[in-house]
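Chemist: structure of the sequence below:
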Amino acid sequence: MTKWVLNWRTWGLIACSLWGCYFVTLWRTTDFGVSWRGVLADTLAFLCFVLPFAASAVLGLPWRKAGVTILAIGVGSVLAAEVFAGAQELVVIWSYGQNPGREMFVVRWPPYGDHHIGYSPGYGWFGDD
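Modeler: This next block holds a predicted model:
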């Protein structure tokens, strides 16, 4: 039996978890606020762009273990994306208020600095890429 450090599956699952958290958060930070539509979009991003890698990392595992592992990576990725983006949105609203009264843009936290949180007096808060 190989040690867990040398096990390719363990490193593959760690890489899939990190990729899932990064990519789903990348997708999530282009919008503002939590909604069921947003969570479904995050889930779709996971299914299209992370699931193929996660499936290759669980090859050879029994079906039940593989399914639970992929489900854990998916739920963890979506939850991490919502927490990261939601925390920044909360800090921005606390800093500038619910209605700043002027048009403004705030740059997202790294590594998503190309995404913005914006405010328009006639529209409200919104996410932007």
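Chemist: the helices in the chain, which residues?
Modeler: Taking DSSP state H to define them, one finds helices in the chain at 8-28, 36-49, 51-57, 63-96.
Chemist: put the alpha carbons of the shortest one into CSV.
Modeler: Taking C-alpha atoms only, helix 51-57 is exported to CSV below (Å, rounded to 0.1, in the frame of the first residue of the first chain):
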residue,chain,number,x,y,z
LEU,A,51,-17.0,17.2,-13.1
PRO,A,52,-14.9,15.7,-16.0
PHE,A,53,-11.7,16.2,-14.0
ALA,A,54,-13.3,15.0,-10.8
ALA,A,55,-14.7,11.9,-12.5
SER,A,56,-11.2,11.0,-13.8
ALA,A,57,-9.8,11.3,-10.2
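Chemist: does residue 26 touch residue 112 like I think?
Modeler: Yes - counting by C-beta atoms under 8 Å, residue 26 does reach residue 112; the two are 6.3 Å apart. Where C-beta positions appear, they are placed from N, C-alpha and C, glycine not excepted.
Chemist: so where's this protein uncertain?
Modeler: Along the chain, segments meeting pLDDT under 70 span 1-6.
Chemist: that older thread, mean neighbour count and distance to residue 128 added to the helices of the chain, as CSV?
Modeler: Shown next, in CSV, are these (neighbours: other C-beta atoms under 10 Å; distance: least, C-beta to C-beta, whole Å):
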stretch, mean neighbour count, distance to residue 128
helix 8-28, 18, 13
helix 36-49, 15, 15
helix 51-57, 16, 27
helix 63-96, 16, 13
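Chemist: so which of those helices is nearest residue 123?
Modeler: Closest to residue 123 of those, according to C-beta to C-beta: helix 63-96, at 15.0 Å.
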